[in-house]
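Visitor: What follows is a predicted protein model with its sequence.
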Amino acid sequence: MNYKIAIFAFLTIISCTSKNDKEQKSEIIILSERIAQNPSDVNLLYERVRYNQLKGNFESALYDLKEIISLDSSNFENHLNIAKLYFDLSKDGSTNYKYPSLVKVHVKKAIEINKECFEAYAINGELLLAYFNFEEAIENFNTSLAINYNQEKTHMLMGYAFKQLKRYDNAINCFRNAVNINPDFFEAHVQLGQTFHLLGDTNAISYYNNALNINPDDELTLYNKALFFQSKLEWNNALESYASLHRISPFHSSGHYNIGFIHMELGLYDIATNNFSDAIYSNSEFYEAYYSRGICFETLGNIKQAESDYNRAIEIKPDYEFATEALNNLRNNNIIYN
């Protein structure tokens, strides 16, 4: 009896799944049939573009966008939409090397048709940013924002370009503009935290906290917050922040390593060896952790284990000078007897 129920349930699930698949297929089939009957209907073609984009069928969406442009090449939005798709495909690591140049072609066309097309300038700026052309990217972002100031993403991207040029005051202004437009803009808070971090300014913590209020589980921000406290020698705050990081990511090897470093600074070598062991457990190729654990073992008088760790660090990275020097010092001081 139970077998019959199980088989019936299984068949019901299969039947429902098949029905859903059929409904989805019929949706696109019906849409395609309507397009076949009305091949010049741009609205129907856009409907299929949206459908294919939602399903991840980007090449099919691209095919229809090309058809739309062939039907109406004088509409700037058509050029803008295909430029956006080409750009998204470029960001997703598409192997088609022509996509970035096609972004430029259609962005240029959109601007020729409508000089107030702020999105086209923003896309062009983002493309230039991706190719490390920061000055030209800033020019395009400025033009876009002059047309439409209320673009938090464009402010943030322009700030990032300034940051890469080490023009930190400009970067901070841009990131703050982004946050003023959208107080919940996570990435802008992160960028503010990182920029103040680079400057050694304690405002970094406020912005890291803002970011974590929006996304409490962001590993990079938790790590950077801990790292900032560590850079200021605020050991307790750093240790608390690393503990928060490890609640989210127990095997964050750099976090374990940095805790070990703090304990070394505090002279707690026994505890530090455990921290470096945790780092090695999380990343078996972490040669710096082997070296640092070796230093702790040497300090504690465990010469054999220190030698083993120095050798392992050199085995992983043969040109690692610190481990080589430490091992030579052991031998020169006749601590190691061959």
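Guide: Received it, and whenever you're ready, just let me know what you need. Numbers count the residues shown, from 1 in each chain.

Visitor: buried set for the helix or strand where Asn78 lies?
Guide: Asn78 is part of helix 76-91 when elements are defined by DSSP states H and E. Neighbour-count burial for helix 76-91 flags 76, 78-87, 89-90 (criterion: 16 or more other C-beta atoms under 10 Å). For glycine as for every other residue, the C-beta is placed from the backbone atoms N, C-alpha and C.

Visitor: Equivalent analysis for stretch 205-223, please.
Guide: 205, 207-208, 210-212, 218, 221-223.

Visitor: Then stretch 274-289?
Guide: Neighbour counts over stretch 274-289 (16+ other C-beta under 10 Å) mark 274-280, 282-283, 286-289 as buried.

Visitor: Stretch 174-190 now?
Guide: Across stretch 174-190, burial judged by 16+ other C-beta under 10 Å covers 174-175, 177-179, 181, 185-190.

Visitor: pLDDT on that stretch, on average?
Guide: What stretch 174-190 shows for mean pLDDT is 98.

Visitor: And stretch 211-228, by the same measure?
Guide: Mean predicted lDDT for stretch 211-228 stands at 98.

Visitor: was I right about Gln164 contacting Phe132?
Guide: Yes. Counting by C-beta atoms under 8 Å, Gln164 touches Phe132, with 7.5 Å between them.

Visitor: between those two, who's got more neighbours?
Guide: The residue with more neighbours, out of Gln164 and Phe132, is Gln164; 13 against 9, by other C-beta atoms under 10 Å.

Visitor: now that one: how far from Ala146?
Guide: For Gln164, the distance to Ala146 (C-beta to C-beta, to the nearest Å) stands at 22 Å.

Visitor: What ranges does the stretch 101-250 of the chain have for its helices?
Guide: Using DSSP state H, counting those that start in this stretch, the helices found in the stretch 101-250 of the chain span residues 118-130, 134-147, 152-164, 168-181, 186-198, 203-214, 219-231, 235-248.

Visitor: got a list of contacts for the third one?
Guide: By that I understand helix 152-164. Helix 152-164 is contacted by residues 122, 125-126, 129, 132, 134, 137-138, 141-142, 144-145, 168, 170-175, 177-179, 181-182, 185, 187-188, 191, 194-195 when judged by C-beta atoms under 8 Å, 6 or more residues apart in numbering.

Visitor: list the buried ones in that helix?
Guide: By neighbour count with 16+ other C-beta under 10 Å, helix 152-164 contains the buried residues 152-163.

Visitor: Same question for stretch 114-130.
Guide: 117-129.

Visitor: Give me the subset of the buried residues of stretch 274-289 lying in strands.
Guide: Members of those lying in strands (criterion: DSSP state E): none.

Visitor: In helices, which of those appear?
Guide: Residues of those located in helices (DSSP state H): 274-280, 282, 287-289.

Visitor: about what we covered before: include distance to Ser60 when you put the helices of the stretch 101-250 of the chain into a markdown table, please.
Guide: Output for those, formatted as a markdown table (distance: least, C-beta to C-beta, whole Å):
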| stretch | distance to Ser60 |
| --- | --- |
| helix 118-130 | 22 |
| helix 134-147 | 30 |
| helix 152-164 | 27 |
| helix 168-181 | 34 |
| helix 186-198 | 31 |
| helix 203-214 | 35 |
| helix 219-231 | 35 |
| helix 235-248 | 39 |
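
Visitor: Quick one: closest of those to Ile28.
Guide: For the helices of the stretch 101-250 of the chain, the distance to Ile28 is smallest for helix 118-130, at 28.2 Å, taking C-beta to C-beta.

Visitor: counting contacts, what elements does the closest one pack onto?
Guide: Applying 3 or more C-beta pairs under 8 Å, 6 or more residues apart in numbering; DSSP states H and E, one finds that helix 118-130 contacts helix 76-91, helix 99-113, helix 134-147, helix 152-164.

Visitor: quick one: Thr221 from Leu198, how far?
Guide: Per C-beta to C-beta, Thr221 is found 15 Å from Leu198.

Visitor: Show me the shaky parts of the stretch 1-150 of the chain.
Guide: Judged by pLDDT under 70, the stretch 1-150 of the chain has its weakly predicted residues at 1-25, 92-96.

Visitor: please redo it, this time with the cut-off set to 50
Guide: Scanning the stretch 1-150 of the chain for pLDDT under 50 picks out the ranges 1-19.

Visitor: what's around Ala204, how many residues?
Guide: Around Ala204 there are 24 residues (other C-beta under 10 Å).

Visitor: again with Asn329
Guide: Using other C-beta under 10 Å, the number of residues around Asn329 comes to 13.

Visitor: Okay, and it sits in which element?
Guide: Element membership of Asn329 [criterion: DSSP H and E] is helix 321-332.
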